[in-house]
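[1] no letters, just coordinates:
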């Protein structure tokens, strides 16, 4: 018997997933599709890469991480897409930008060669790669999210660039174990409306079910409207993901330094 089609659907755009996919960030889409199905939500995916047009609208945008070489390939085109992406974010489109994608969703990124790559400007952040010999921000991380009801997130960070919030920037989370945006101020990532930028790989969503549910709910609100019955999802257990989260949190507490602010 053929299952009935879902009564509600979210439109997901993946940006440059053939280029920006370091540390298997494409796993975020796999987790999204599986969890959305548990909630009875269909997922329509459009992959947008170099030279492809953006669709007219989206409920959720995903972009992963890449090294400097990959970031240089997409930066100019992504900056041209900036006005559309900023308008989507302002209108409540959910977004998840990871590591190199997060850096390029900021205002600009100055890479290790000194080249300044333009950003899409979704987040009021700038990123600077330090000089030769500077330690990378690498290891397991645990941070407390600045979104009500999400709690803590866990993942793995590995970045040379140091990201700093501008006057209009708001952190996605506060670091408890690990280094975060820059290893100095305790911030991790950035958030604007329903758009999240973060350094957390892992991939992130398979072991952070509370954040995954938040993104699905945000995408539904964008599609069907705030307060619509179709925008609601009921709490559901996620036993495997919850166990993965707990194991990763234990590893971060055991292996990573407890964050201490840098006093200058």
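    Okay, I see it. Just so it is clear, the structure is predicted and the values come from calculations on it, not from any experiment. Numbering: from 1, shown residues only.
[2] shaky segments in the protein?
    1-5, 263-264 (pLDDT under 70).
[3] give me that answer again for 90
    Filtered on pLDDT under 90, the chain yields the residue ranges 1-7, 21-24, 66-69, 111-113, 131-134, 202, 261-264.
[4] show me where it has strands.
    8-15, 41-48, 60-63, 94-98, 108-110, 116-118, 125-128, 137-145, 152-159, 162-165, 173-177, 187-188, 190-192, 195-198 (DSSP state E).
[5] now the shortest one, how far from the centre of its chain.
    Centroid displacement of strand 187-188 relative to its chain, using Cα atoms, centre = their mean, to the nearest Å, is 13 Å.
[6] please apply the same query to the first one.
    When C-alpha coordinates are averaged (Cα atoms, centre = their mean), strand 8-15 and its chain have centres 15 Å apart.
[7] got the angle for that strand vs strand 41-48?
    On the basis of axes from the mean of the first three to the mean of the last three Cα atoms, to 10 degrees, strand 8-15 is oriented at 20 degrees to strand 41-48.
[8] buried set for strand 8-15?
    8, 9, 10, 11, 12, 13, 14, 15 (16 or more other Cβ atoms under 10 Å). Every residue, glycine included, has its C-beta placed from N, CA and C.
[9] got a list of what the fourth one touches?
    Under the criterion of Cβ atoms under 8 Å, 6 or more residues apart in numbering, the contact partners of residue 11 comprise 44, 46, 55, 57, 58, 59, 60, 223.
[10] the fifth one: neighbouring residues, count only.
    If I follow you right, that is residue 58. By other Cβ atoms under 10 Å, 26 other residues sit near residue 58.
[11] next one: it from residue 219, what distance?
    Residue 58 sits 9 Å away from residue 219, going by Cβ to Cβ, to the nearest Å.
[12] now the terminal residues of stretch 188-197, how far apart.
    Start-to-end span of stretch 188-197 (Cα to Cα, to the nearest Å) is 9 Å.
[13] rewinding a little: what touches both of residue 58 and residue 219?
    Contact criterion Cβ under 8 Å, 6+ apart; residues shared by residue 58 and residue 219: 12, 93.
[14] for the spatially closest residue to residue 197 that is not a sequence neighbour, what are its contacts?
    Leaving aside its chain neighbours, residue 197 sits nearest to residue 102 (3.7 Å; criterion: Cβ to Cβ, 6 or more residues apart in numbering). Neighbouring residues of residue 102 by Cβ under 8 Å, 6+ apart: 65, 123, 125, 163, 189, 190, 197, 198, 199.
[15] cool, thanks, signing off.
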